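**Q** Structure, please.
(one chain, ligands or ions: 2)
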Amino acid sequence: MKELDAFREIAGNPYAYAAQWKKKTGNKIVGYFCSYTIEEIIHAAGALPYRIFGTTEHIIRADAHLQAYCCSLVRGGLEDALAGKLGFLDGTVFPHTCDSIQRLSDIWRLNVGFPFHVDVILPVKLNSASARGYMTDVIRTFRADMEMALSRSIDDAMLAESIRLYNGIRAGIEEIYRMRSADPGIISGSDLYAIVKSAMVMDRRDLSVMLADIIARLKKKSPSKKKYRRLILAGGICTHPDIYPVLEKAGAAVVWDELCTGTRFFEGAVKESGDPVSALAERYAERINCPAKHASVDARGRNLVDIVKQHQAEGVVFLILKFCDPHSFDYPYLKEYLDRENIPSLLLELEEHTPPEGQLATRFESFIEML
Ligand code: SF4
Ligand code: SF4
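**A** Ligands and ions are numbered 1, 2, ... in the order given. A predicted model of the protein is given here:
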């Protein structure tokens, strides 16, 4: 579908897109690394929230600041910042999540030198009596920090408008996910990935229009006759879109996921009535947590099993970046939940480079044969 070309182009070279966007609009761009960043606040202040994915090429400069046993996402992000590739950023926001992002925040502040740097100290434990009130207060402070950093006031009406826009975007992406779950041949995994990645870096108003157009076109498409083995992808951030065509060639399709570059990004609408800050706090506290936060001892396990059942999947591929402690620590317990339900799973631990296609294909083929 040629209308997807714009998404492919943005996802393929988000830095060029951001630099052009800034030149065209004259507006500010705020970088972030984690799905706990309250993007709506940044957007309401008139800036572009920009997710930093980091390089997947050789990491050299960052190694002078971060140990080689940090995940490739934080090392790759720092590498690009030190190499001057993120020069379009006006500042960066670091929510308090995994240890690697927290340590990166200190190193970033001292070495990268963007005009502003904001830490957002969100609660770790999300299910305590005081967590919601604390989360609301932190978001209020973040709003004030953004107002000061971007020299723009954010009133409730602006915030409510951003919330509506984001709810529409998240619902649109979820709709495409649902279409793909019903008919995996309707859009390829790498094209869906390109949409999600673009959604984290591009102008959100343009995105909303483009999403509506793609949804309308997908609805008109004749059903695909192709049958796939149905899989779920689980883990943190996917920086390896090359795995989708390899999986598809092997006869399987990802029909849903549990990723920061996927459902963790779009699940859960924010209430559009009442105090917008409390509504934001509710979404970020209620959403299924990632392993860097604590909400319950079994929420992620139950959620993963539910996803498998709801989408009639036959197995789960865990995609974990090497040295990602939070996801590695959660993996045994998640696998145990799947084993109890006789759901097969495969663990794929990746560094910055995607393994050679032949090697990946062999692993996928033997997993798919076993299903
Ligand atoms: S796994 Fe958690 S800490 Fe890591 S990027 Fe995703 S939301 Fe943030
Ligand atoms: S959650 Fe894992 S992959 Fe994401 S930044 Fe933290 S250590 Fe890296």
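**Q** quick one, strands of the stretch 151-300 of the chain?
**A** 229-235, 252-258 (DSSP state E, counting those that start in this stretch).
**Q** list the contacts for the residue nearest the centre of the chain?
**A** Nearest to the geometric centre of the chain sits Thr261, at 2.8 Å (C-alpha atoms, centre = their mean). Neighbouring residues of Thr261 by C-beta atoms under 8 Å, 6 or more residues apart in numbering: 193, 196-197, 200, 237-239. All C-beta atoms are positioned from the backbone trio N, CA, C, and that covers glycine.
**Q** Burial check on the nearest residue to it once chain neighbours are set aside, number of neighbours?
**A** The spatially closest residue to Thr261, leaving aside those adjacent along the chain, is Cys238, at 4.7 Å (C-beta to C-beta, 6 or more residues apart in numbering). By other C-beta atoms under 10 Å, the residues close to Cys238 number 23.
**Q** His43: helix or strand, and which one exactly?
**A** Counting by DSSP states H and E, the element that carries His43 is helix 39-44.
**Q** elements contacting that helix?
**A** Applying 3 or more C-beta pairs under 8 Å, 6 or more residues apart in numbering; DSSP states H and E, one finds that helix 39-44 contacts strand 29-32, strand 48-51, helix 131-150, helix 156-182, helix 276-286.
**Q** So which bits of the third one are buried?
**A** Within helix 131-150, the residues that count as buried by 16 or more other C-beta atoms under 10 Å are 131-132, 134-136, 138-140, 142-143, 145-147, 149-150.
**Q** isn't Arg140 right next to Val277, touching?
**A** Yes: between Arg140 and Val277 there is a contact under C-beta atoms under 8 Å: 5.4 Å.
**Q** Leaving out chain neighbours, which residue sits closest to Leu348?
**A** Per C-beta to C-beta, 6+ apart, closest to Leu348 is Leu319, 5.3 Å.
**Q** Give me the mean pLDDT for stretch 28-44.
**A** The average pLDDT within stretch 28-44 is 97.
**Q** Are it and ligand 1 in contact anywhere?
**A** Yes: Stretch 28-44 is in contact with ligand 1 by C-beta under 6 Å from any ligand atom, via 34-36.
**Q** Tell me the one of these nearest Lys225?
**A** Nearest to Lys225 among the residues of stretch 28-44 next to ligand 1: Ser35, at 35.4 Å, using C-beta to C-beta.
**Q** For that closest one, grab the count of nearby residues.
**A** 23.
**Q** Next, it: secondary structure please.
**A** Of the three states, Ser35 takes coil under DSSP: H, G, I helix; E, B strand; the rest coil.
**Q** Next up, the contacts around the closest residue to it other than its chain neighbours.
**A** Of all residues not flanking Ser35 in the chain, Cys260 sits nearest, at 4.4 Å (C-beta to C-beta, 6+ apart). By C-beta under 8 Å, 6+ apart, the contact list for Cys260 reads 34-35, 236-237, 290.
**Q** Residues of the protein that sit close to ligand 2?
**A** 71, 73-74, 98, 100-101, 236-237, 292, 321, 324-327.
**Q** Top of the residues you listed by number of neighbours, please.
**A** For the residues of the chain next to ligand 2, neighbours tallied by other C-beta under 10 Å; top is Cys71, 29 neighbours.
**Q** Please report how far that one lies from Leu334.
**A** Using C-beta to C-beta, to the nearest Å, one gets 18 Å for the distance from Cys71 to Leu334.
**Q** Kindly report the same for Gly251.
**A** Relative to Leu334, and taking C-beta to C-beta, Gly251 is found at 25 Å.
**Q** More neighbours: which of the two?
**A** Between Gly251 and Leu334, counted using other C-beta under 10 Å, the more crowded position is Leu334 (22 against 15).
**Q** Using the three-state scheme, assign that one.
**A** Going by three-state DSSP: Leu334 is helix.
**Q** tell me the pLDDT at it?
**A** pLDDT, read off for Leu334, is 96.
**Q** pretty sure it is touching Ala299, no?
**A** No: in this structure, Leu334 is not within contact of Ala299 by C-beta under 8 Å, at 11.1 Å.
**Q** Could you check the pLDDT of the residue nearest to Pro123 when sequence neighbours are not counted?
**A** Spatial nearest neighbour of Pro123, chain neighbours left out: Ala131 (4.7 Å); criterion: C-beta to C-beta, 6+ apart. The model reports Ala131 with a pLDDT of 92.
**Q** Quick check: Ala131 vs ligand 2, distance?
**A** Ala131 sits 20 Å away from ligand 2, going by C-beta to the nearest ligand atom, to the nearest Å.
**Q** which ones are touching that residue?
**A** 123, 125, 285.
**Q** In PyMOL, how would I select the buried members of those?
**A** To isolate the buried members of the contacts of Ala131 in PyMOL, using 16+ other C-beta under 10 Å:
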select buried, resi 123+285
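**Q** which one of the contacts of Ala131 is nearest Arg51?
**A** Ala285 (21.0 Å).
**Q** So which bits of the chain are right by ligand 1?
**A** 34-36, 97-98, 101, 236-237, 260, 290, 292.
**Q** Filter these down to the ones in helices?
**A** The members of the residues of the chain next to ligand 1 that map onto helices under DSSP state H are Ile101.
**Q** So among the residues of the chain next to ligand 1, where is pLDDT lowest?
**A** Where pLDDT dips furthest among these: Ile237, at 84.
**Q** What are the phi and psi values at the residue nearest to it when sequence neighbours are not counted?
**A** Using C-beta to C-beta, 6+ apart and skipping residues adjacent in sequence, the residue nearest Ile237 is Cys260, 4.6 Å away. Per-residue torsions, Cys260: phi -70, psi -30 (degrees, to the nearest 10).
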